[in-house]
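1. Sequence first, predicted model second:
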Amino acid sequence: MHTVLITDDNDLIRETIQKALVGDGYRVQLAKNGQECLETVRHGDVDLILLDMRLPDINGLDVLRSLRESHPDVIVLMMTAYGDVESTKRALDLGAFDFIRKPATPKALSSIIKMAMEIRSLRQEIQHIIYRNKELYGYHNIIGRSVALQKVLEMTTRAANSDASTILIEGASGSGKSLIAKCLHYNSLRAYQPFVEINCASIPATLLESELFGHEAGAFTDARKQKKGLVELAQGGTLFLDEIGEMPPALQAKMLQLIEEKCFRRIGGTKNLVIDIRIVAATNKDLKKALDDRTFRQDLYYRLNVINICLPPLAERREDIIPLVEHFIGLYSREFNKPVKRIADEARDALERYDWPGNVRELSNTVERIMILEDGNALLPEHLPPTMIRGADRPGDEGPRDAAGAEGDFNLRRLTENYQAQIITMALEKTRGSRTEAAKLLGLSRVGLYHQMKKLGLLKKEEC
C-alpha cells in the first residue's frame with residue numbers, strides 16, 4: 001500500500017483529499033505546515049507528497065528544495081490556488097512531478113497520483129536493472145592477475161571515465177571483448193542510458209544498414225512502416241559493434257559519416273537526425289592487414305582507434321587460467337548445485353599447460369561441461385578432455401614419439417585410439433558440442449560418429 005502525505009494548512013482541504021485517497025486504497029498521513037511535512041518524511045516511509053505552495057511557516061518551494069536534497073526518490077505534487085507562472089516554473093525546475101490547481105476534483109487527483117506512482121515504479125525498476133548490470137559487469141568480473149590483464153583493466157577504467165566517443169577493442173574470439181564493452185558502458189556516465197549490441201558478422205550485408213540506421217515507410221519493398229534503427233535506439237548510451245571488421249565497405253562510409261557529423265538519415269529519409277552515442281567497436285581480425293587489403297577503410301579505422309584496448313589471448317597470460325577456472329567452478333557449482341571445491345594438482349598442471357585456442361569462452365565451456373557431467377568435490381585430470389591430458393597441451397603438435405611417452409608405449413591400437421579420441425573431442429569443441437556438425441567436419445555420418453564415440457569411451461553412461 002502506497003503512503004501519501006497531504007501538506008496543507010486548510011483543515012477542510014486535508015480532510016476532503018484524505019477521504020478520497022483512503023477510498024482509493026492509499027495510506028494517508030497529514031501535515032498542516034512545512035515543518036510537520038519534513039518531520040513526517042524524515043521519520044516515515046512516504047511515497048508521494050501533496051504539497052501546498054503557501055504554508056504558514058515555510059514557503060512550499062523551500063520545502064520542496066529540502067525534500068529533493070534529503071529524499072530525492074519521493075514524488076512531490078505541488079498544489080496552489082493561484083496561477084503564479086513563475087513559481088510553477090521554479091517548482092518544476094526543482095524537481096516537482098506536476099502542478100495541481102485547487103480545488104481539484106477527487107477523480108482528477110486520483111488520476112494524476114496513479115500516473116505518478118506508476119512512473120515511480122518504473123524508475124525503481126530501471127534503477128534495479130542498472131544496479132544489477134553494474135554488478136554483472138563491474139570491474140571485479142574481469143578475472144585475472146597477469147600484468148597484461150591489469151593493463152587492460154586500467155585502460156578500460158580510464159576509457160569509461162573519459163568523454164571518448166569511439167573505442168576499439170581488439171582480441172581473439174572468446175577473449176572477452178563483449179565483457180569489456182559492457183564494463184565500459186555500465187561504469188560510465190552513460191550507464192543509465194541504453195546499451196545496444198549488434199554483431200556485424202551475423203546479419204546479411206543487405207539487412208545490416210536497415211538494422212543500424214532504420215528506414216522510412218516505403219523506402220523499399222516490404223517497408224510498410226517506419227522503423228527506428230539501433231543507432232537511434234542507442235541515443236545517449238553506447239552502440240557496441242561486434243566484429244566490425246566484417247562490415248561491408250559501403251556501410252563503413254556511412255558509419256564514418258555518423259562518427260564525424262554525429263547525425264544520420266534513415267534509409268529513404270530526407271531529414272538528418274542528431275545523435276549522441278558512444279561507439280565501441282570490437283574485432284578479432286587484424287584491421288591493419290585489412291587496411292592493406294583495402295577491405296577496411298583507413299579513415300574509419302583511425303576514427304575508431306582513438307582509444308585502443310587490446311585483449312591478449314589466454315595462452316599469453318597463463319597466470320590468469322587458474323583464477324578463471326576457480327571463478328567458473330564457483331559460478332557453475334551454484335548453478336548446478338555441485339560440491340566441487342578444489343582443483344587437483346595434476347588437473348591444475350594440465351589446465352595451465354593447455355593453449356586454450358578458444359580462450360575464455362573455451363575455458364568456460366570446459367568447466368561448465370565438467371560441472372554438468374561429473375560429481376565429487378574436486379576437479380580431477382580424468383574430467384578433462386583428452387587434448388588437455390598426457391602432455392597434449394598443444395593440439396596438433398604431438399607426434400608419435402611424444403604420444404608413446406617416457407615409458408615407451410608403442411602399442412599401435414592404443415595410440416591410434418588416443419589420436420581418434422583427441423580429434424573427435426576437438427571437433428566437438430569446435431562445433432560447441434553439435435554432433436551433427438562435428439560428424440560433417442570428420443567426414444562421418446552422425447550414426448558413425450556415435451559408434452566411434454561409444455568405442456572410444458566418449459559417451460556418457462546413459463547414452464551407451
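-> On my side now, so go ahead. What you see is a predicted model, and the numbers here were worked out from it, not measured in a lab.
2. Okay, now the unreliable bits of the protein?
-> Counting by pLDDT under 70, the chain has low-confidence residues at 83-84, 390-414, 460-464.
3. So which residues of the stretch 351-464 of the chain form helices?
-> Ranges of helices in the stretch 351-464 of the chain, per DSSP state H, counting those that start in this stretch, are 359-373, 400-404, 412-430, 435-442, 446-455.
4. what angle separates the first one from helix 412-430?
-> By that I understand helix 359-373. Between helix 359-373 and helix 412-430, the angle comes out at 110 degrees (axes from the mean of the first three to the mean of the last three C-alpha atoms, to 10 degrees).
5. So which bits of helix 359-373 are buried?
-> By neighbour count, and taking 16 or more other C-beta atoms under 10 Å as the criterion, the buried residues in helix 359-373 are 359-371. Placement of C-beta: from N, CA and C, glycine included.
6. cool, and the fourth one?
-> Going by neighbour count (16+ other C-beta under 10 Å), the buried part of helix 435-442 is 435, 438-439, 441-442.
7. For that helix, C-alpha coordinates in CSV please.
-> Written as CSV, here are the backbone C-alpha positions of helix 435-442 (Å, rounded to 0.1, in the frame of the first residue of the first chain):
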residue,chain,number,x,y,z
ARG,A,435,27.4,-33.9,-33.1
THR,A,436,25.8,-33.3,-36.4
GLU,A,437,28.3,-30.5,-37.3
ALA,A,438,31.2,-32.5,-35.8
ALA,A,439,30.3,-35.5,-37.9
LYS,A,440,30.4,-33.3,-41.0
LEU,A,441,33.8,-32.0,-40.1
LEU,A,442,35.1,-35.5,-39.6
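8. residues making contact with that helix?
-> Residues from elsewhere that reach helix 435-442 (C-beta atoms under 8 Å, 6 or more residues apart in numbering): 423-424, 427-428, 430-431, 445-446, 448-450.
9. Make TSV from the helices of the stretch 351-464 of the chain and add distance to residue 322 to it.
-> Formatted as TSV, these follow (distance: least, C-beta to C-beta, whole Å):
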stretch	distance to residue 322
helix 359-373	10
helix 400-404	25
helix 412-430	20
helix 435-442	29
helix 446-455	30
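10. Narrow the contacts of helix 435-442 to just the buried residues.
-> Of all those considered here, the ones buried according to neighbour count by 16+ other C-beta under 10 Å are 423-424, 427-428, 431, 449-450.
11. secondary structure class for residue 4?
-> strand (DSSP: H, G, I helix; E, B strand; the rest coil).
12. Identify the spatial nearest neighbour of residue 236, chain neighbours not counted.
-> residue 193 (3.8 Å; C-beta to C-beta, 6 or more residues apart in numbering).
13. ugh, wrong one, I meant residue 343
-> Closest to residue 343 by C-beta to C-beta, 6+ apart is residue 379, at 4.7 Å.
14. which residues sit in contact with that neighbour?
-> Residue 379 makes contacts with 325, 329, 340, 342-344, 347, 367, 370, as judged by C-beta under 8 Å, 6+ apart.
15. Let's see which of those residues end up in helices.
-> 325, 329, 347, 367, 370 (DSSP state H).
16. Turn the residues you listed into CSV, columns for distance to residue 138.
-> Compiled in CSV, those are given as follows (distance: C-beta to C-beta, whole Å):
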residue, distance to residue 138
325, 20
329, 20
347, 29
367, 21
370, 26
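17. out of these, which one sits closest to residue 313?
-> Of all the ones in helices among the contacts of residue 379, residue 325 has the smallest distance to residue 313: 16.3 Å, by C-beta to C-beta.
18. what's the neighbour count on that closest one?
-> A total of 22 residues lie near residue 325 under the criterion other C-beta atoms under 10 Å.
19. re earlier: same question for the residue nearest to residue 236, what's its three-state structure.
-> Judged by three-state DSSP, the three-state class of residue 193 is coil.
20. Please work out how many residues are found near it.
-> Each residue near residue 193 was counted by other C-beta under 10 Å, and the total is 18.
21. In contact with it, which residues are there?
-> With contacts defined as C-beta under 8 Å, 6+ apart, the neighbours of residue 193 are 234-238.
22. Quick one, which of those residues are buried?
-> Burial of those was assessed by neighbour count (16+ other C-beta under 10 Å); the buried members are 234-235, 237-238.
23. And those, which is closest to residue 66?
-> Comparing these against residue 66 with C-beta to C-beta places residue 237 closest, at 32.8 Å.
24. What distance do you get for that closest one to residue 126?
-> 13 Å (C-beta to C-beta, to the nearest Å).
25. ok, residue 422 touching residue 387?
-> Yes. Distance between residue 422 and residue 387: 5.2 Å, which falls inside the contact criterion (C-beta atoms under 8 Å).
26. Which of the helices or strands spans residue 252?
-> With the criterion set as DSSP states H and E, the secondary-structure element containing residue 252 is helix 249-261.
27. which helices and strands does that helix pack with?
-> On a contact count with 3 or more C-beta pairs under 8 Å, 6 or more residues apart in numbering; DSSP states H and E, helix 249-261 meets helix 205-213, strand 263-264, helix 298-304.
28. so where's the longest helix in this protein?
-> Among the elements of type helix in the chain, defined by DSSP H, the one spanning the most residues is helix 106-136.
29. Report the buried residues of that helix.
-> When neighbours are counted by 16+ other C-beta under 10 Å, the buried residues of helix 106-136 are found to be 109-110, 112-113, 116-117, 120.
30. again, but for stretch 207-227
-> 208-216, 219, 223, 227.
31. Thank you, goodbye.
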